[in-house]
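# just the structure for this:
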Amino acid sequence: MAPQKKKSTGRKRIATTGSAGKRTAAGRRVLARASGRSVSHVVVKGSERPVVRGAKRVGTVDPRSQIEVTLTLSGLRLPDADHLPTKSLTPTEFQQQYGVSSADIDAITKSLAKYGLTVSRVLPATRSIKVTGTADQLQNAFRPQLGIYKDASGAEFRDRVGTYQVPKELAKIVTGVIGFGQRRVARRRAAVAKDVAALRPLGPQDVETLYGFPQGTAAQQTIAIAEFGGGFFAEDLANYCGRHGRTVPTVNAIAVDAPAYTLKQILALPDQARKDELDSSVEVMMDVEVIAGLCSNATINVYFSTFDQKGWVDILDRIIQDRPVAISVSWGLAEDDPDWSQAARNAINERLNAAALMGITVCVASGDDGSGDEETDNRCHVDFPASSPFVLGVGGTMIAGAPRPANEVVWWEPPGRRTPHGGGATGGGVSALFPRPSWQKVNIPSQNKGSIVGRVVPDVAAVAGDPLYDLVIMGRDAPNGGTSAAAPVWAALIARINANLQGNKQQRFLAPLLYGSVAGKPLGAQGCTDITSGNNVSHPQPGIGYSAGNGFDAVSGWGTPRGTNLVGLLPQI
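Residues are numbered from 1 along each chain as shown. Prediction:
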């Protein structure tokens, strides 16, 4: 017989016990207040995280194991996407205006010392603090629910579920604690191998001709590439540049949270690790070779980090210090995938905001899985960080017909997403999380009922499908593509353009400029070739998507670049 319900008193009740009779966190706080005791910790907003789909908890974390976490700190609020300044800030100016205060650093150091934790590094410009300690010390300080989990592939990893907390005295200072877990939130996939002879893949001269690259070799420019696995193979780059008659640029492989492997080091790894790192290296070398072939006198910094949330935060912290003109990012995950925590996504977006304020254009691939973006809920999704209003989202096209030049259309191969047997399509659509910035003056509704008027992705596009890009991987021809290749094309173009500009028109965040007006017409419409045919519908889910048309659209943005036009127009805006 069901118990009778008590009559409501009109006051909100807070349960103090869970289903097993144990005190809940909310209940403990209520009882503490009732008894006159102070609350020692406060839950961090947005820290909630469910268990990884398909994973099971298989053990506990060794309490003596050493763990580093990155704390994101509050500070003077950064200008939002609607109010970005017209003049870019230097890293020193940014730190002076928005950096974390010494008082906050002292407060954190003093508070965490009570738990035995050590502040190992302070990055005031990006408002980050690295903290190290044992799992037991972190558990006492931040109260995460840690465990060892096994995913569907059999891989084991440390992770956390639920929320975490911070000591009460830090509640207004610390906005995120990133690094408890190791679950994957950075993905990309290589294309299925195709017949090289039939494709006639694009070399650097083809790209320059197709997209009207301005003269030069990007001398004195620094370009960053963000990688989440793999290594850099110098011999392959030398072979690639030699094949195309290009000077080998200066390339620096920089370890952040992950090793900057050489081929020799990867081949010495255990079987599964070797396979994983070689697979990732194919993608790394595509990024490097595409940019190197187009920017032979630039400095190319390749940064390697882990594919978890901390990896994202730490790699951006590190890159921003060097203030490159552009960052190429060919990794991402659906913006509303539950593997992101809101606090971590906010931390990443805040660093992208900082990059934009410093005039760094972060070129981010929009994804290779069409309108579904690997999600299976019958709704359209866009990739993060491509959906951030502080990046340049880059979609994909393909060239229909031969010989070149030929008709360029939206990249779509059946079934509109990556599969083990082929396929793929450009990501693109309307964000469900990030509002549309005021400068993005376009009228494109979301395909999802009840969704917000969100940021539209991508801003621009470049070849992602056939005929792919000519590449050399481990001494062999290995043509590849995807929006993972389109992003470095745009990063290279921005470096070439910046080398041709002067004064305060250099080093500016490009995305909002494309929507500005020159002689009564959007810069993007004059600086890009409009792509008017194709769509990004992924099957079987969601079975709907977005289509190209005249003018700006949610699959190719303004279109593919006209580099020389952009050089001439940018000084006017």
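
# contacts and neighbour counts: CA atoms only from here.
Fine.

# what sits against the spatially most central residue of the chain?
Residue closest to the average C-alpha location in the chain (C-alpha atoms, centre = their mean): Pro385, at 3.8 Å. For Pro385, the contact set (C-alpha atoms under 8 Å, 6 or more residues apart in numbering) comprises 332-333, 335, 349, 364, 391.

# may I see those arranged in TSV, with secondary structure and pLDDT as well?
Formatted as TSV, those follow (DSSP: H, G, I helix; E, B strand; the rest coil; pLDDT from 0 to 100):
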residue	secondary structure	pLDDT
Gly332	strand	97
Leu333	strand	97
Glu335	coil	98
Asn349	helix	98
Val364	strand	98
Val391	coil	98
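
# count of neighbours near the residue nearest to Tyr240 when sequence neighbours are not counted?
With sequence-adjacent residues excluded and distances taken as C-alpha to C-alpha, 6 or more residues apart in numbering, Tyr240 is closest to Val472, at 5.8 Å. Look at Val472: counted by other C-alpha atoms under 10 Å, it has 23 neighbours.

# beta partners of Val472?
Asp477 (DSSP bridges).

# and if you look at Val460?
Beta-bridge partners for Val460, by DSSP bridges, are Val394.

# my guess is it contacts Ala554. True?
No - with contacts counted by C-alpha atoms under 8 Å, Val460 stays clear of Ala554, the gap being 9.4 Å.

# more neighbours: the two, which one.
Neighbours were counted for Val460 and for Ala554 using other C-alpha under 10 Å; Val460 has more, 32 against 29.

# show me what contacts the more buried one?
Applying C-alpha under 8 Å, 6+ apart, we find Val460 in contact with 392-395, 556-561.

# list phi and psi for Ala226.
Backbone geometry at Ala226, expressed as degrees, to the nearest 10, gives phi -100, psi 120.

# check this structure for its longest helix and report it.
For the chain, the helix reaching the highest residue count under DSSP state H is reported as helix 271-294.

# returning to what we had before: and the residue nearest to the centre of the chain, how far from Pro488?
Distance check for Pro385 against Pro488: by C-alpha to C-alpha, to the nearest Å, it reads 15 Å.

# what do you get for Leu123?
Taking C-alpha to C-alpha, one finds Leu123 at 28 Å from Pro488.

# next one: Gln342
Gln342 is 28 Å from Pro488, where distance means C-alpha to C-alpha.

# ditto for Ala499
From Ala499 across to Pro488, the span is 17 Å (C-alpha to C-alpha).

# for Thr70, same thing?
For Thr70 relative to Pro488 (C-alpha to C-alpha), the value is 28 Å.

# could you do Thr222 as well?
Computed with C-alpha to C-alpha, the distance linking Thr222 and Pro488 is 13 Å.

# more neighbours, those two?
Neighbour tally, Thr222 and Pro488, criterion other C-alpha under 10 Å: the higher count belongs to Pro488, 32 against 21.

# which strand residues bridge the nearest residue to that one once chain neighbours are set aside?
Among residues not flanking Pro488 along the chain, Ser328 sits closest, at 5.3 Å (C-alpha to C-alpha, 6+ apart). Counting by DSSP bridges, Ser328 forms beta bridges with Ile225, Cys363.

# Tyr261 too?
So, taking DSSP bridges as the rule, Tyr261 has Gly231 as bridge partners.

# below-threshold pLDDT in this protein: ranges please.
Where the chain drops to pLDDT under 70, the residues are 1-38, 190, 193, 195-197, 402-406.

# list the contacts of the residue nearest to Tyr240.
Counting by C-alpha under 8 Å, 6+ apart, Val472 has contacts 236-237, 239-240, 478-479.

# can you show me the helices along the stretch 401-550 of the chain?
483-500, 510-514, 523-527 (DSSP state H, counting those that start in this stretch).

# hmm, who's touching the last one?
Applying C-alpha under 8 Å, 6+ apart, the contact partners of helix 523-527 are 513-517, 551-552, 558, 561-563, 565-566, 569-570.

# then stretch 217-227?
284, 287-288, 294-305, 315, 319, 324-331, 491-492, 495-499.

# got the residue ranges for the strands in the stretch 151-300 of the chain?
Using DSSP state E, counting those that start in this stretch, the strands of the stretch 151-300 of the chain run over 156-161, 165-167, 174-178, 222-227, 250-255, 299-304.

# closest one to Val100 among those strands?
strand 174-178 (10.8 Å; C-alpha to C-alpha).

# now that closest one, how far from the centre of its chain.
18 Å (C-alpha atoms, centre = their mean, to the nearest Å).

# partner strands of it, with direction?
strand 66-73 (antiparallel).

# elements contacting the helix or strand following the partner strand?
Following strand 66-73 in sequence order, the next helix or strand is helix 91-98 (DSSP states H and E). Of the remaining helices and strands, none touches helix 91-98 by 3 or more C-alpha pairs under 8 Å, 6 or more residues apart in numbering; DSSP states H and E.

# list the contacts of stretch 180-189.
The contact list for stretch 180-189 (C-alpha under 8 Å, 6+ apart) reads 52, 67, 69, 144, 146, 157-160, 228, 283, 307-309, 330-333, 339-340, 367-368, 418, 484.

# filter those to the buried ones?
Among these, those classed as buried by neighbour count (16 or more other C-alpha atoms under 10 Å) are 52, 67, 69, 144, 146, 157-160, 228, 283, 307-309, 330-333, 339-340, 367-368, 418, 484.

# now do the contacts for Leu352.
Leu352 neighbours (C-alpha under 8 Å, 6+ apart): 316, 362, 388, 390-391.

# just Pro414 next, same as before
Counting by C-alpha under 8 Å, 6+ apart, Pro414 touches 422-424.

# and which of those residues is nearest Ser128?
Scanning the contacts of Pro414 for proximity to Ser128, where the rule is C-alpha to C-alpha, the winner is Gly424, at 37.2 Å.

# ok, back up a step: buried sites along the longest helix of the chain?
For helix 271-294, by 16+ other C-alpha under 10 Å, it's 274, 277-294.

# ok, stretch 198-218 next?
Buried positions in stretch 198-218, judged by neighbour count with 16+ other C-alpha under 10 Å: 200-204, 207-208, 210-214, 217-218.

# ditto for stretch 547-558
So for stretch 547-558, counting by 16+ other C-alpha under 10 Å, buried means 547-549, 551-558.

# contact partners of stretch 432-439?
Applying C-alpha under 8 Å, 6+ apart, the set of residues contacting stretch 432-439 from outside is 81-82, 335-336, 381, 387-389, 451-456, 512, 515-516.

# follow-up on the earlier one: please render the contacts of Val460 as a markdown table that adds distance to Val410 to the earlier fields.
Shown next, in a markdown table, are the contacts of Val460 (distance: C-alpha to C-alpha, whole Å):
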| residue | distance to Val410 |
| --- | --- |
| Leu392 | 18 |
| Gly393 | 15 |
| Val394 | 12 |
| Gly395 | 9 |
| Ser556 | 7 |
| Gly557 | 10 |
| Trp558 | 12 |
| Gly559 | 9 |
| Thr560 | 10 |
| Pro561 | 14 |
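
# which of the residues you listed lies closest to Arg246?
The nearest member of the contacts of Val460 to Arg246, counting by C-alpha to C-alpha, is Pro561 at 22.0 Å.

# can you give me the neighbour number for the closest one?
By other C-alpha under 10 Å, 25 other residues sit near Pro561.

# again with Ala386
Neighbours around Ala386, by other C-alpha under 10 Å: 34.
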